[in-house]
Structures are given as C-alpha cells and as structure tokens.
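Chemist: sequence first, then the predicted structure:
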Amino acid sequence: MEDTHKVRTVLAVVLIVAGCLLAPVAVTAAWARTHVTNTERYVDTVAPLAADSDVRNAVADQVTEVILRNLPDRIASTARGVVRGQVGQLVESDTFQSLWRRANQAAHGQLIDLLTGRGPANLNGDTVSIDLGPFVAAARDRLVASGFAAAQRIPDIQQSFDVFSSADLPKAQQAYRLLDRYGAVLPFVAAGLLVLGLGVAVRRRRTLIGIGLGTAASMVVLGIVLLIGRQVAPDRLPDGFPATAVFDVVTRSLWTTLVVIFVIGAVVAGAALVATRLSRPDRTAGSAVPPGC
C-alpha cells in the first residue's frame, strides 16, 4: 500500500507540474486563436487604438508628410502648419475611426494570407503595412473644403504605414502553423493534466493547494513574459510604429484572462488550505486520516 501511495504521489506531481508548465502556453494560444487570428475580433480589439494619441500622431505625421511631398515645393514649404492642422482634425473625427477599422481589416487579412502562404500581402520591402491612401484622400478633401485649393493637385496615392517586419516571417509562420494545429486543444490538455493529477493524488486537499499555487505562479510567469515583450516590441517593429500602445491594447484581454486565472488559482489554494487546517482536530483525536486529505 505504501509503495502504491508513493507511485501515485510521484505521478500526481508529474502531471500537475506538466499542467502548470503548459498553462501559460495554453492561455496564450487560446487568446491568440480567438483575438489575433480572427479578423473580426482582431479589428474589434484594435479599434480603440483610433482614440490613442500615439497612434493618431503617428498616422497624422505620416499622412502630413505624404501630402507635403505631393505639393509643389513653394507651397509645401509654407503649408505644413495648415496641412498638419487639417490632418489633426481628421484623426480626431469619426471618419478616422471608420477608416482605421477598414484599414486594419484589410491589413489583417493580408497578414493572415502571408502567414498561411495563401496569397500575397501588402509588402513594402520587408514589411507588412496599413494602406494610408484612404487617410490621405480624406485629408485632401478636408483641405479642399477648407479653401486650400492646392490640395486638389494631390492624386490618389498608395502609401503604406509599416506595422510588421517580415525579417521574422519564418518564425511567425511556424508559430501560426502550430497555433492553428494545436491552439484549440492546448487549454483542454493543460486542464486535463491538472484533473488527472488531482485524481491520482493520495492527499487531494494538499494536492489542490499545489494546483492552485502552481496555476497562480504560472500566470505570474506569463505576466513577466508579457512585460518583457512590451519592452522589446518597439525594437522588433518598424521605426515610427506606436508599438507600446498597440501591444497594450492587443494584449489587454490576455491580461484579463491571466488575472482571472491567477485569482481562481489563489482562491482554490486558499480554500484547500483552510479545509486542510479545519480537518486537523479530527486527526489529533486519533481518527484515521482518509486518503483524500
């Protein structure tokens, strides 16, 4: 009997450790599958960026430079303030919100095509980009409506705003293939390992403490990884791209999931600890210790 208990204890530890180690990967995979690879949900996720000052300024600066490059030099040299003012009003308008959604929808579709190899992406050199043409056209119409007649000379332009460097494309494609293949089942595998560990454990209350603490600790590790990612993101994305603002918005739902799972783990561990403490008087009275304790 004692040997059997030892085997069960070792097996439970192995299963629970494996489940806790897999938990951050499973949570990230589930989040990416539902919020990043799905175009509609991705667009809904990044839509609030249209109200972010860093994103607005980045787009406004790009659009302003495009417009000035397409004006005669003698006009462009004195019109920067006027142009930037009208573009600034554009990025604060509802029109910009709509243009931002459409631009991200197109860019995301192209990016998925690139990652899956199904079709061409809007590549400019080694980058995937958002098309600024509609933003330039909207700014041109505002300038003309405000009386800046020279803006009528600005043609329809295909200008891009870099959002993804394809220097890391092979790694990204490999990660996408793995996510597409295993992303949906990883959360169930992680949860299954924890349940199996609890099922074979001899002392289940103590095992629940370990599961709760291990799960909470795994979410802390995931949080640390996200913080590191937030710091390195600007170095991995093209210059001028508001990487930090985008990273914060895109990973907001992942942070929410992380915190919820951390709290659940802590509550489970706390409840199991309290239950274990409350059961001690029975053992001191000489009663047998049931295996489930």
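Modeler: Right, received. Where do you want to start?

Chemist: isn't R230 up against D248?
Modeler: Yes: at 7.2 Å, R230 counts as touching D248 under the criterion of C-beta atoms under 8 Å. (Glycine included, C-beta is placed from N, CA and C.)

Chemist: avg pLDDT for the helix or strand in which L222 is found?
Modeler: Taking DSSP states H and E as the criterion, L222 maps to helix 204-236. Computed over helix 204-236, the mean pLDDT rounds to 91.

Chemist: start at 43 instead
Modeler: Done: numbering now begins at 43, and the last item shifts to helix 246-278.

Chemist: tell me how far R50 lies from L110.
Modeler: 73 Å (C-beta to C-beta, to the nearest Å).

Chemist: same question for S135.
Modeler: When distance is defined by C-beta to C-beta, S135 is 21 Å away from L110.

Chemist: higher neighbour count, those two?
Modeler: Using other C-beta atoms under 10 Å as the criterion, S135 and L110 rank with L110 on top: 17 against 13.

Chemist: contacting residues for the most centrally placed residue in the chain?
Modeler: Central residue check for the chain by C-alpha atoms, centre = their mean: the C-alpha nearest the mean position is that of T293, 3.4 Å away. T293 makes contacts with 268, 271-272, as judged by C-beta atoms under 8 Å, 6 or more residues apart in numbering.

Chemist: show the buried residues in the residues you listed.
Modeler: Neighbour-count burial within the contacts of T293 applies to L268; the criterion is 16 or more other C-beta atoms under 10 Å.

Chemist: go through whatever helix or strand comes next after the helix holding L264 and flag the buried ones.
Modeler: Once the chain leaves helix 246-278, the next helix or strand it forms, by DSSP H and E, is helix 285-292. Residues of helix 285-292 classed as buried: 285, 287-292 (neighbour count, 16+ other C-beta under 10 Å).

Chemist: so what's the gap between helix 285-292 and the chain middle?
Modeler: Counting by C-alpha atoms, centre = their mean, to the nearest Å, helix 285-292 is centred 8 Å from the centre of its parent chain.

Chemist: neighbouring contacts of that helix?
Modeler: By C-beta under 8 Å, 6+ apart, the residues outside helix 285-292 that reach it are 77-78, 87-88, 90-91, 94, 96-97, 271-272, 275-276, 278-279.

Chemist: same question, stretch 98-108
Modeler: Residues outside stretch 98-108 that contact it (C-beta under 8 Å, 6+ apart): 92, 122, 125-126, 129-130, 132-134, 138, 174, 177-178, 181, 199, 201, 203, 282-284.

Chemist: tell me the secondary structure for I172?
Modeler: Secondary structure for I172, judged by DSSP: H, G, I helix; E, B strand; the rest coil, is strand.

Chemist: any idea of the pLDDT on L53?
Modeler: Note for L53: predicted pLDDT of 94.

Chemist: count the residues that sit near the closest residue to it other than its chain neighbours.
Modeler: Leaving aside its chain neighbours, L53 sits nearest to V242 (5.2 Å; criterion: C-beta to C-beta, 6 or more residues apart in numbering). Neighbour count of V242, defined by other C-beta under 10 Å: 19.

Chemist: my guess is V59 meets G256, correct?
Modeler: Yes: using C-beta under 8 Å, V59 is in contact with G256, at 7.2 Å.

Chemist: more crowded one of these two?
Modeler: The neighbour count for V59 versus G256, taken as other C-beta under 10 Å, is higher for G256 (20 against 14).

Chemist: and that one, what is it in contact with?
Modeler: The contact partners of G256, by C-beta under 8 Å, 6+ apart, come to 58-59, 61-62, 307.

Chemist: sketch out the low-pLDDT regions of the stretch 93-242 of the chain for me.
Modeler: Applying pLDDT under 70 to the stretch 93-242 of the chain flags residues 159-170, 204-211.

Chemist: about what we covered before: how about the residue nearest to the centre of the chain, phi and psi?
Modeler: T293 adopts backbone torsions of phi -90, psi 10, taken as degrees, to the nearest 10.

Chemist: many thanks, have a good one.
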